[in-house]
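K.L.:
need a 3D model of the following:
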Amino acid sequence: MTTPPQQPLFIDGEYTAAPDARSFEVISPATGEPVGSIPLPTAADLDRAVAAAHRAQRSWAGVNVWERAAVCHRIADEIDRRRDALARLQTLEQGKPLAESVADVTEAAQLFRLHAEDAVRLNGETLLSRDNSKRMFTFHRPVGTWGIITPWNFPLLMFAEFAAPGLATGNALVVKPPVHTPLTVLKAMEAVSAAGLPGGLVNILPGDGSFGDALVRHRGIHAIGFIGSSATGAAIQAAAGLKRSLMECSGNGPLVVLADADVDAAAKAAVDGAYPCAGQVCCATERVIVHTDVHDAFVDAVLRESERVVLGDPLDERTVLGPLNNEGVARKMDRHMADARERGARVLLGGRRRAGMPTGLYYEFTVVDGVPEDSLLSREESFGPVVPIITGRDEDDLLRIANDDALGLQGAVFTRSMTSAYRFIEEMEVGQVIVNESNNWWDINMPFGGAGARSTGWGRIGGKWTLMDMTDTRTGVISL
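P.N.:
Modelled structure (predicted):
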């Protein structure tokens, strides 16, 4: 086995070698071979990155928004030029099929274009005052330096979800990607530099949980952006205190199939929501709640749809289901499946790791029927390629089951009735309700985030709403 190349940190616009630092080896979940290694950043590296971000942000905030937008458009162009190389690297370190990685890189570039256009249209308002001698108006100002913590399931895309709106509105970022998947984001800094972004505005320091805690607590970090698990999100918020934050946490979203649904379309949507990124998606098919009248037809349709899910080498164009990313998430799937079996659920397909593969992370596409409401498959986010099926008696019962959960990120409902569709849109306790489409559907221009009174965070990722969350609304009052 050859020693993988070490990818330096990215601080103050330059790749920074750290030959004496502790290193972390990035292992491909697809092959079990090392892809590269990274130096683990130190407290001194963090201080240097934050100082660089402060210097750069003070100047960047004064740059005309049209000029900032032009730089974001150039970043998009440079990412597009490197699409194939970035996609292949992401597949190697993350494990998702190459076609998915190509789509991720393409969408990351689109985000820079979208938010460039959003920023030049982020208008304030003129407000009417009770005092005729006053004129009031609002406008948006950057918050300052954001500490960004991104997950391993969408390494480049979720970096772009913060970087594009953050840069377009005049902020700077110190980003901590996870140690499992840091290489694609680090490599993408070549595109950022080639686009002419001033040094210091984006700093990339992959690290472990203790480094993330130091980032959140650093006095020079003004705001926190996080995508990841609810447990980690709660720890971050406890450490962050009153700092501004944008938090997108775990989902366990239901896909509800009513008695009048197009059963074949619902089954296709359930499968389509379960296998992308090996089910490691916050809005994946986590619970399918089916009316008893259409249960049998739905199960048959799901099993037919499952035949097209090919598990294998993510670099093989025939593969649509790659390996899980790491042993921790694989053990969670093992635990959830063992619990389901103990509680009497029926495993109709899969339910185990596939033997004879290059690593132990290849999990078979799984369909489980008769899932009890109190099982781990129902109560927790499984984060694996599984369709868990729960049965309800009537519309009220289906809605009750859907809302009987601490997580409320995104849900879906299949029905031919506009009345029922509107009821679920208004009464399902999630941030977004998708009608007659996969739970896993989203658009970069929609506001995506959790519902109130649920452990899924706050703020919105997508469209103009992220720019509003990453800026301060400033009010001016003039006395005439």
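
K.L.:
and the closest residue to residue 150 other than its chain neighbours, which of the three is it?
P.N.:
Residue nearest to residue 150 in three dimensions, not counting chain neighbours: residue 158, with 4.8 Å by Cβ to Cβ, 6 or more residues apart in numbering. All C-beta atoms are positioned from the backbone trio N, CA, C, and that covers glycine. The three-state assignment at residue 158 reads helix, by DSSP: H, G, I helix; E, B strand; the rest coil.

K.L.:
these two touch, right, residue 158 and residue 227?
P.N.:
Yes: if you go by Cβ atoms under 8 Å, residue 158 and residue 227 touch, sitting 5.2 Å apart.

K.L.:
now do the shared contacts for those two.
P.N.:
150-151 (Cβ atoms under 8 Å, 6 or more residues apart in numbering).

K.L.:
what sits against residue 89?
P.N.:
35, 183-184, 187.

K.L.:
what do you get if the cut-off is 10 Å, keeping everything else the same?
P.N.:
7, 35-36, 82, 101, 105, 155-156, 181, 183-188 (Cβ atoms under 10 Å, 6 or more residues apart in numbering).

K.L.:
same question for residue 290.
P.N.:
255-259, 261, 263, 266-267, 270, 296-299, 302, 369, 389-392, 398, 414.

K.L.:
listing partners with orientation, what would you give for the stretch of helix or strand residue 391 belongs to?
P.N.:
Using DSSP states H and E, the element containing residue 391 is strand 386-392. Strand 386-392 sits in its sheet next to strand 287-291 (parallel), strand 366-369 (parallel), going by DSSP bridges.

K.L.:
the longest one: what's the following helix or strand?
P.N.:
Meaning strand 287-291. Downstream of strand 287-291, the first helix or strand assigned by DSSP H and E is helix 295-306.

K.L.:
tell me how far that following helix lies from the chain's centre.
P.N.:
Relative to the centre of its chain, helix 295-306 is centred 29 Å away, using Cα atoms, centre = their mean, to the nearest Å.

K.L.:
tilt between that helix and strand 287-291?
P.N.:
140 degrees (axes from the mean of the first three to the mean of the last three Cα atoms, to 10 degrees).

K.L.:
buried ones in the following helix or strand past helix 295-306?
P.N.:
Downstream of helix 295-306, the first helix or strand assigned by DSSP H and E is helix 327-342. For helix 327-342, burial by neighbour count (16 or more other Cβ atoms under 10 Å) applies to 329-330, 332-333, 336-337, 339-340.

K.L.:
same question for stretch 428-442.
P.N.:
Under the neighbour-count criterion of 16+ other Cβ under 10 Å, stretch 428-442 has 428-434, 437-440, 442 buried.

K.L.:
first-to-last residue distance for stretch 421-437?
P.N.:
Stretch 421-437 has an end-to-end distance of 12 Å (Cα to Cα, to the nearest Å).

K.L.:
meant to ask about stretch 216-236
P.N.:
This stretch, stretch 216-236, spans 7 Å end to end (Cα to Cα).
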